[in-house]
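**Q** dropping the sequence and predicted coords here.
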Amino acid sequence: MSIWSEIAKSRLRRSIRHGQFEVTFPNGETTRFGTLGQNQIRIAVTTDAWLRRILLDPELELGEAYMQGGLILEAGDLYELLDLLWRNLLADGTSGGALPAFLRKTFRALAQFNPQARSARNVAHHYDIGNELYRLFLDEDMQYSCAYFHDAQDSLADAQRFKKDHIARKLCLRPGDNVLDIGCGWGGLALHLAGCEAVNVHGVTLSREQLCLARERAEDLGLGDRVDFEFQDYRNLTREYDRIVSVGMFEHVGVPHYRKFFDQIAARLSENGTALIHTIGRTSGPAITNPWIARHIFPGAYIPALSEILPAVEKAGLMVLDVEILRLHYAETLKAWRNRFLARADEAEALYDAQFVRMWDFYLVCSALSFRHGVHNVFQLQLAKRQDAVPLTRDYLYSPEPERRANRRVSSIIDYEAHANAQG
């Protein structure tokens, strides 16, 4: 038994208090850790080298080992394994890797430095690997962001439609509005907004794959005259818009660029306009991006805390009219994505390879657990230059459709008072 196996045994005996799993070490010895559990989970670590790497830097090397076959899941489901490790090792702070974590925190500003050329490369790394992959697990509208579940029984397609409707209501769309969609993806939200109201939508993206499909969809739906898509960095825009929306893009901005982002929102938003920023957020304050995610999935990305966002909003001269926290909605979204992905894993392997399938599964599971355990949630920030840019109460977000349309005529405090006086 190597020294690394002994270290691993000692750490696991001390830490595993909830649930049970078995580890087969490189010399073939199998040891059980934890209390008797209902689920049978068994892993094998193939070499001492992999065991050493995992112990010294688990945040990075656990995913590497699973991808590359250094850690083999012999019994149980990946979600069950990572959930057990999360609840035991992360809960008591014994995950290890103190030096790597310190270095990453020290140099986190450099990791989040995203000038335009680097932003384009980072986006291409994730979004330009092929639309065929995303068709395997997204809903038919290809919404690649948190859905909005009224309850866990909602279908993925319904929950994504609820999300788009919720955002449309928060934007308080009016006929003839010019709308900017920053990070428009495959165009689903822009096309939905144009279907909700007679508005003109300009979507920008740094993904060539997304751009081509978004343009095709606009033409196929006969909306090419009101919805257009452009390959463009948000920093280069010069027009003014009545409404600005950004869903799932802010995670790619990086803290060093937050002031520029919100300065640009303020510069592009009309005096009476409304903006809605929908982003994943972290609940525990500023931190660092998981290194495995940064290497393989989202290079240059960072999930912000509210304490990092709001100072930049204030300095840009924007008002925060509403902040809504979507809790557990993304956990349900990722659960649905993973089920759909695994159901078509053979197709994903044919497109890429078996290692890619393990990588993508690991990504979906880790992400789902981060929301399930409350580390991450979703922020929706409603911003404007005027306090009366939206109705006085949140009633307009939840009223039936006819009442919602009537509420548009009561779209400011001034209008609200005039309406009340007329009724009185």
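**A** Thanks, I have the structure now.

**Q** only C-alpha atoms from now on, for both contacts and neighbour counts.
**A** Will do.

**Q** contacts for the lengthiest helix in the chain?
**A** Determined from DSSP state H, the single longest helix within the chain is helix 354-372. Residues outside helix 354-372 that contact it (C-alpha atoms under 8 Å, 6 or more residues apart in numbering) are 63, 66-68, 78-79, 82-83, 293, 297, 327-328, 330-332, 334-335, 337-338, 341-342, 345, 348-349, 376-377.

**Q** again, only this time at 7 Å
**A** Here helix 354-372 makes contact (C-alpha atoms under 7 Å, 6 or more residues apart in numbering) with 63, 67-68, 79, 83, 328, 330-331, 334-335, 338, 345, 348-349, 376-377.

**Q** same question, stretch 279-292
**A** Outside of stretch 279-292, the residues within contact range by C-alpha under 7 Å, 6+ apart are 59-60, 63, 104-105, 108, 247-248, 250-251, 302-305, 307, 375-380.

**Q** mind checking the SS state of the nearest residue to Phe250 once chain neighbours are set aside?
**A** Spatial nearest neighbour of Phe250, chain neighbours left out: Thr279 (5.9 Å); criterion: C-alpha to C-alpha, 6 or more residues apart in numbering. Put simply, Thr279 is strand when judged by DSSP: H, G, I helix; E, B strand; the rest coil.

**Q** pretty sure Lys164 sits against Leu189.
**A** Yes. The criterion here is C-alpha atoms under 7 Å, and Lys164 meets it with Leu189 at 6.3 Å.

**Q** neighbour count for these two, which is higher?
**A** For the pair Lys164 and Leu189, the greater number of neighbours falls to Leu189 (27 against 22), based on other C-alpha atoms under 10 Å.

**Q** burial count for the closest residue to Gln68 other than its chain neighbours?
**A** Leaving out its chain neighbours, the residue that sits closest to Gln68 by C-alpha to C-alpha, 6+ apart is Gln355, at 6.5 Å. Using other C-alpha under 10 Å, Gln355 has 14 neighbouring residues.

**Q** and for the one 5 residues further on?
**A** Counted by other C-alpha under 10 Å, the residues lying close to Trp360 total 19.

**Q** so where is the chain shaky, pLDDT-wise?
**A** Applying pLDDT under 70 to the chain flags residues 1, 37-38, 91-109, 111, 400-424.

**Q** domain assignment for it?
**A** For the chain, whose domains are defined here by automatic domain parsing, the residue ranges read 3-106, 116-326+374-390.

**Q** would you say Lys201 is within a strand?
**A** Not quite, residue 201 is Val, not Lys. Yes. Looking at Val201 with three-state DSSP, it is inside a strand.

**Q** quick one: contacts for it?
**A** Counting by C-alpha under 7 Å, 6+ apart, Val201 touches 178-180, 190, 194, 226-228.

**Q** quickly list what the residue nearest to Phe250 is bridged to.
**A** Judged by DSSP bridges, the bridge partners of Thr279 are Phe379.

**Q** now do Val245
**A** Asp181, Leu276.

**Q** neighbours around it, how many?
**A** Once other C-alpha under 10 Å is used to define contacts, Val245 is seen to have 25 neighbours.

**Q** I'd say it and Leu269 touch.
**A** No. Counting by C-alpha under 7 Å, Val245 sits too far from Leu269 to count as a contact (10.5 Å).

**Q** quick check: Ile297 vs Ile129, distance?
**A** Counting by C-alpha to C-alpha, to the nearest Å, the gap from Ile297 to Ile129 is 11 Å.

**Q** next, format the domains of the chain as CSV and append distance to Leu397.
**A** Output for those, formatted as CSV (distance: least, C-alpha to C-alpha, whole Å):
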stretch, distance to Leu397
domain 3-106, 35
domain 116-326+374-390, 6
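
**Q** most packed of these?
**A** Among the domains of the chain, domain 116-326+374-390 has the highest mean neighbour count (mean count of other C-alpha atoms under 10 Å), at a mean of 19.

**Q** could I get the full set of strands for the stretch 301-424 of the chain?
**A** 319-326, 376-384 (DSSP state E, counting those that start in this stretch).

**Q** of the ones you listed, which approaches Ala44 most closely?
**A** Checking the strands of the stretch 301-424 of the chain against Ala44 by C-alpha to C-alpha gives strand 376-384 as the closest, at 29.9 Å.

**Q** got the angle between the closest one and strand 319-326?
**A** Angle of strand 376-384 versus strand 319-326, following axes from the mean of the first three to the mean of the last three C-alpha atoms, to 10 degrees, is 160 degrees.

**Q** same for strand 376-384, what does it pack against?
**A** strand 269-282, strand 319-326 (3 or more C-alpha pairs under 7 Å, 6 or more residues apart in numbering; DSSP states H and E).

**Q** may I have the shortest one exported as PDB, CA atoms only?
**A** In other words, strand 319-326. The C-alpha coordinates for strand 319-326 follow below in PDB (Å, rounded to 0.1, in the frame of the first residue of the first chain):
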ATOM      1  CA  MET A 319     -31.000  52.100 -10.900                       C
ATOM      2  CA  VAL A 320     -31.800  48.600  -9.700                       C
ATOM      3  CA  LEU A 321     -35.600  48.300  -9.800                       C
ATOM      4  CA  ASP A 322     -35.900  44.600  -9.000                       C
ATOM      5  CA  VAL A 323     -33.700  41.700  -8.100                       C
ATOM      6  CA  GLU A 324     -35.200  38.200  -8.200                       C
ATOM      7  CA  ILE A 325     -33.400  35.100  -7.000                       C
ATOM      8  CA  LEU A 326     -34.300  31.900  -8.900                       C
END
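
**Q** strand partners (parallel or antiparallel) of that strand?
**A** Using DSSP bridges, strand 319-326 pairs in its sheet with strand 376-384 (antiparallel).

**Q** what's the offset of the partner strand from the middle of its chain?
**A** Centre-to-centre, strand 376-384 and its host chain are 12 Å apart (C-alpha atoms, centre = their mean, to the nearest Å).

**Q** got the contact list for that strand?
**A** With C-alpha under 7 Å, 6+ apart as the criterion, strand 376-384 contacts 273-283, 318-328, 370-371.
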